[in-house]
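Visitor: heads up, no residue letters with this:
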């Protein structure tokens, strides 16, 4: 597994200046990543990289300058703000005589420190092993002297490396099996929430935009928050009431970041199921971030990659307490339903966001009288849980006469239920709904 950063490690940051990339913003974010990993930044080296050097990434002159900085600053770790090839990473370590970690490795290390749930730890370890697979030779520096083909030493070195690759492959296989079990357990929990037909809302956004703070404000919860990147990794789901149409499930998900390692996107797709399967996304945006448009685009790119790019969305511009903006809700057209301006810390604008959510889920409503027999007690309990029952009368030994009022979207979900419950809803609650609409609700 990738070696975890130790608290207090002294780091030299190599900050490449690349065409088309805002250097100041990229450099600032990388400093924050280093701080989040527990490193002490003792020096920085800016290197213009128009064409990456195939062996060192930076040019030979900058590599020698980095070596001098390592010696004079006392750095025991070099962090490079770009993804390196295995050869580049290995060559830099030889030249600099200290550990070299690229951007992907640094993010993986932060995730390893922050993951708390069993599933999250499995996902991080799997991502680390996949990242390490092409760098396996780096861990066996005692074999380097055999690379010249010394007589009597060539075979054992190859055997050791093959053995290590086999052990890594076996560990990956074990992790994938365990992760499948964890994913099935999560899926069971998600399906149980689906059975209640509660609307599902997921918070998404760039890391440190204030998602967990907003989650706590809406759910009146106490999810851990901090002013640092990736403060929380594992998704948290709560039932939140207080809406005119009933309750919702609210999920807080891991934050996104630019140039997120491919291994992490792949490994965390199951965790991000909460976002992919949501009925509505709350895209939390740091309104005080000077690169707000770029951050929005980066989040949208990840949402598209995980299959959530077409879901309805309310953009939540957070931190108006820092920008001086006023609470407001602006209606939008298309997939972006509205843009709400608020402060999750002070609570200003939260009522406007709640109203926007109510507009999304309560715009089209169905108001009907249902006649339910005692055999339909399960459906009655579900309607009560949804907050859809407005009045009820006992039918003297036959069941109940129930007055229901609920959003059409939820009514369609109930109509799509299998068996007698779905048939009763279709015949009494939504007799006019077409087969195509019910299939879409599935």
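Guide: Here it is on my side, so go on. Everything numeric in this text was worked out from a predicted model, so none of it was measured.
Visitor: which residues sit against stretch 66-80?
Guide: Here stretch 66-80 makes contact (Cβ atoms under 8 Å, 6 or more residues apart in numbering) with 5, 9-14, 16, 30, 34, 39, 42-43, 45, 57-58, 92, 95-103, 106. The way it works is simple: take the backbone N, C-alpha and C, and place the C-beta from them, glycine included.
Visitor: kindly recompute the last result at 6 Å.
Guide: 9-14, 34, 42-43, 45, 96, 98-102, 106 (Cβ atoms under 6 Å, 6 or more residues apart in numbering).
Visitor: just the residues you listed: which are in strands?
Guide: In strands, defined here by DSSP state E, the members of these are 10-14, 42-43, 45, 99-102.
Visitor: ok, and the most crowded of the residues you listed?
Guide: Counting neighbours by other Cβ atoms under 10 Å, residue 14 comes out on top of those with 29 neighbours.
Visitor: wait, what's in contact with that one?
Guide: 45, 80.
Visitor: what sits opposite it in the beta ladder?
Guide: residue 45, residue 80 (DSSP bridges).
Visitor: now do the helices in the stretch 101-250 of the chain.
Guide: 103-114, 118-132, 154-195, 211-219 (DSSP state H, counting those that start in this stretch).
Visitor: any idea of the mean pLDDT in the third one?
Guide: Across helix 154-195, pLDDT averages out at 70.
Visitor: check which helix or strand covers the closest residue in space to residue 313 that isn't next to it in sequence.
Guide: Computed as Cβ to Cβ, 6 or more residues apart in numbering, the closest residue to residue 313 that is not its neighbour in sequence is residue 281, at 4.4 Å. Using DSSP states H and E, residue 281 sits in strand 280-286.
Visitor: and that strand, which strands flank it?
Guide: strand 200-205 (parallel), strand 313-318 (parallel).
Visitor: report the beta-bridge partner residues of residue 284.
Guide: residue 205, residue 316.
Visitor: so it makes contact with residue 205?
Guide: Yes - in this structure, residue 284 is within contact of residue 205 by Cβ atoms under 6 Å, at 3.7 Å.
Visitor: quick check: neighbours shared by those two?
Guide: Common neighbours of residue 284 and residue 205 (Cβ under 6 Å, 6+ apart) are residue 211.
Visitor: who's more crowded, these two?
Guide: residue 284 (28 against 24).
Visitor: which ones are touching the more buried one?
Guide: Residue 284 makes contacts with 203, 205, 209-211, 214, 316, 318, as judged by Cβ under 6 Å, 6+ apart.
Visitor: and stretch 26-36, which residues are buried?
Guide: 26-27, 29-34, 36 (16 or more other Cβ atoms under 10 Å).
Visitor: could you give the number of residues near residue 289?
Guide: Count around residue 289 with other Cβ under 10 Å applied: 19.
Visitor: now swap in residue 199 and tell me
Guide: Counted with other Cβ under 10 Å, residue 199 comes out at 23.
Visitor: any idea how far it is from residue 424?
Guide: Separation of residue 199 from residue 424 (Cβ to Cβ, to the nearest Å) stands at 22 Å.
Visitor: circling back: need the contacts of residue 284 in TSV with pLDDT, can you?
Guide: Output for those, formatted as TSV (pLDDT from 0 to 100):
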residue	pLDDT
203	91
205	89
209	88
210	88
211	88
214	93
316	96
318	96
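Visitor: out of the buried residues of stretch 26-36, which is nearest to residue 51?
Guide: Nearest to residue 51 out of the buried residues of stretch 26-36 is residue 26 (Cβ to Cβ; 18.3 Å).
Visitor: give me phi/psi at the spatially most central residue of the chain?
Guide: The chain has residue 254 as the residue nearest its centroid, 3.1 Å off, counting by Cα atoms, centre = their mean. Dihedral pair for residue 254: phi -60, psi 140, per degrees, to the nearest 10.
Visitor: all further residue positions should be reported with the first residue as 39.
Guide: Sounds good: first residue 39 from here, last item residue 292.
Visitor: tell me the pLDDT at it?
Guide: 72.
Visitor: measure it to residue 415 for me?
Guide: Counting by Cβ to Cβ, the gap from residue 292 to residue 415 is 40 Å.
Visitor: isn't residue 78 right up against residue 48?
Guide: Yes - under the criterion of Cβ under 6 Å, residue 78 makes contact with residue 48 at 5.2 Å.
Visitor: list the neighbouring strands of the helix or strand hosting residue 431 plus their orientation.
Guide: Assigned by DSSP H and E, residue 431 belongs to strand 427-432. Applying DSSP bridges, strand 427-432 is found paired with strand 437-445 (antiparallel).
Visitor: flag every buried residue along the strand it pairs with.
Guide: Buried residues in strand 437-445 (16+ other Cβ under 10 Å): 437-438, 440, 442-445.
Visitor: now these in CSV, with pLDDT and distance to residue 284?
Guide: Converted to CSV, the buried residues of strand 437-445 look like this (pLDDT from 0 to 100; distance: Cβ to Cβ, whole Å):
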residue, pLDDT, distance to residue 284
437, 87, 23
438, 89, 19
440, 88, 15
442, 86, 11
443, 81, 10
444, 76, 7
445, 72, 8
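Visitor: out of the residues you listed, flag the one nearest to residue 405.
Guide: Nearest member of the buried residues of strand 437-445 to residue 405, counting by Cβ to Cβ, is residue 443, at 4.7 Å.
Visitor: next up, the contacts around the closest one.
Guide: Residues in contact with residue 443, defined by Cβ under 6 Å, 6+ apart, are 405, 428.
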